[in-house]
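Undergrad: No letters, just coordinates:
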Ligand code: NAD
């Protein structure tokens, strides 16, 4: 990354997670020292998280820290010791469906954990802090594409509610303490080293094992599937643009009272779930047996990112189409699991 601001140490929370792993690798390749915090929780296969971590630990400039965000004093001590210039907060309890079964996990990781993080940042302010929110905060919005300036007050799951609360918490700290904060709203991210709890991963596994797949909303829902490498390029671009005083255009979500903005990161090419499944079938060379199902509680029929703000700030274009991205994922899956 051609960096224009003198940042050298980055703290990445959730570094053993899907996005944190890819992001940490790119930061290390670009010459950053990366402090990678992760609890390696058992929400999905801890061995996969450990493998990602092992790859990161092959780099001398990677410092692994095992622990929970919400552990009192842990983040404060980390900030005091390493004084990160850049903080990218990805650790969270993710997943819409799990939040219906285990809301407390979200309360602890997403609300208390994020509180501990912003408190530590208040004591040792980084030059820029970037935090993950989600397209799920748009909830029942039906006006497409989703714009950062849309009113978002109809969260459909507790997961989305905690992420919306994170946005509000971060805004208040940006306002009160002048912390420059960018909030990302990610749209369904997929790719190699991905998350086993996500539909594309389950579909791939089931098709390769000759098992049937459950297709919700009869495959009619549309998702703005976003390829991991494009997403990481966008994050790195935004890291160089801390929110200042002047909005870049009418669509900028820059707060009038704080160095704070939210930015959509999505492919901006919504694809029907059935077409995404077809791309997996094509990459594997086998047709799936499909159980057509209704809509799941907490789900929304479509997501679609407006990405003008991202392009104006960074010049980044999302270039990977679903066919290419799915092919790369399936190749990785077959090699990793030797199937
Ligand atoms: P992930 O689950 O793979 O990564 C999260 C990591 O955080 C995991 O390794 C987990 O062990 C760790 N973690 C969880 N709770 C923790 C805690 N309390 N303390 C320390 N570590 C903890 O998820 P991901 O897909 O890489 O997502 C990263 C971020 O992006 C999350 O905030 C998620 O909500 C958000 N997001 C992801 C997507 C997507 O499609 N992948 C979409 C929208 C938003």
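TA: Alright, I've got the coordinates. What you see is a predicted model; the values in this text were computed from it and never measured.
Undergrad: Would you map the strands across the stretch 151-300 of the chain?
TA: Using DSSP state E, counting those that start in this stretch, the strands of the stretch 151-300 of the chain run over residues 181-186, 189-190, 213-215, 222-223, 226-227, 260-265, 271-272, 290-292.
Undergrad: Residue 83 against residue 124, yeah?
TA: Yes - using Cβ atoms under 8 Å, residue 83 is in contact with residue 124, at 5.7 Å. Backbone N, C-alpha and C define where each C-beta goes, glycine included.
Undergrad: Counting neighbours, go ahead and name the busier of the two.
TA: Using other Cβ atoms under 10 Å, the more surrounded residue of residue 83 and residue 124 is residue 124, with 16 against 13.
Undergrad: Could I get the pLDDT score of the closest residue to the more buried one other than its chain neighbours?
TA: Computed as Cβ to Cβ, 6 or more residues apart in numbering, the closest residue to residue 124 that is not its neighbour in sequence is residue 79, at 4.0 Å. On the pLDDT scale, residue 79 is placed at 98.
Undergrad: Number of residues surrounding residue 79?
TA: Neighbours around residue 79, by other Cβ under 10 Å: 22.
Undergrad: Ok, the one 3 residues further on next?
TA: Other residues near residue 82 number 16, with proximity taken as other Cβ under 10 Å.
Undergrad: try residue 323
TA: 14.
Undergrad: And for residue 65?
TA: Applying other Cβ under 10 Å, I find that residue 65 has 18 neighbouring residues.
Undergrad: Near the ligand, which residues of the stretch 151-300 of the chain? Just list them.
TA: For the stretch 151-300 of the chain, the contact set with the ligand under Cβ under 6 Å from any ligand atom comprises 186, 188-189, 195.
Undergrad: Now do the contacts for the residue nearest to residue 124.
TA: Residue 79 is in contact with 11, 120-121, 123-124, counting by Cβ atoms under 8 Å, 6 or more residues apart in numbering.
Undergrad: Now render the residues of the stretch 151-300 of the chain next to the ligand as a markdown table, adding neighbour count.
TA: Below are those laid out as a markdown table (neighbours: other Cβ atoms under 10 Å):
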| residue | neighbour count |
| --- | --- |
| 186 | 23 |
| 188 | 21 |
| 189 | 24 |
| 195 | 21 |
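Undergrad: Please report how far the residue in the stretch 1-150 of the chain positioned nearest to the ligand lies from residue 152.
TA: In the stretch 1-150 of the chain, no residue comes nearer to the ligand than residue 17, which is 2.0 Å away by Cβ to the nearest ligand atom. Applying Cβ to Cβ, to the nearest Å, the value for residue 17 to residue 152 is 24 Å.
Undergrad: Neighbour count: the two, which is higher?
TA: residue 17 (29 against 21).
Undergrad: For the more buried one, give me the pLDDT.
TA: pLDDT at residue 17 comes out at 98.
Undergrad: What residues does the closest residue in space to it that isn't next to it in sequence make contact with?
TA: Closest residue to residue 17 apart from its sequence neighbours, by Cβ to Cβ, 6+ apart: residue 90 at 6.0 Å. Residues counted as contacts of residue 90 (Cβ under 8 Å, 6+ apart) are 12-15, 17, 19-20, 23, 132.
Undergrad: is it true that the residue of the stretch 1-150 of the chain closest to the ligand touches residue 91?
TA: Yes - Residue 17 is in contact with residue 91 according to Cβ under 8 Å; the separation is 6.9 Å.
Undergrad: Now the common contact residues for these two.
TA: residue 38.
Undergrad: what's the distance between residue 280 and the ligand?
TA: 16 Å (Cβ to the nearest ligand atom, to the nearest Å).
Undergrad: and stretch 61-78, which residues are buried?
TA: Residues 62-65, 68-70, 74-76, 78 are the ones in stretch 61-78 that count as buried (16 or more other Cβ atoms under 10 Å).
Undergrad: With stretch 254-270 instead?
TA: Quick answer for stretch 254-270 (16+ other Cβ under 10 Å): 254-255, 258-270.
Undergrad: likewise stretch 286-306?
TA: Of the residues in stretch 286-306, 288, 290, 298, 300, 302-306 count as buried by neighbour count, 16+ other Cβ under 10 Å.
Undergrad: Could you dump those into TSV and include pLDDT and distance to residue 147?
TA: Below are the buried residues of stretch 286-306 laid out as TSV (pLDDT from 0 to 100; distance: Cβ to Cβ, whole Å):
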residue	pLDDT	distance to residue 147
288	96	35
290	96	34
298	78	23
300	85	16
302	92	15
303	95	13
304	97	10
305	97	9
306	97	5
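Undergrad: between these, which is closest to the ligand?
TA: Distances from the ligand to these, taken by Cβ to the nearest ligand atom, are shortest for residue 303, at 9.7 Å.
Undergrad: if I read this right, that closest one contacts residue 139, doesn't it?
TA: No - the pair formed by residue 303 and residue 139 falls short of the contact definition of Cβ under 8 Å, at 10.5 Å.
Undergrad: so who does residue 236 touch?
TA: Residue 236 is in contact with 1, 23, 26-27, 30, counting by Cβ under 8 Å, 6+ apart.
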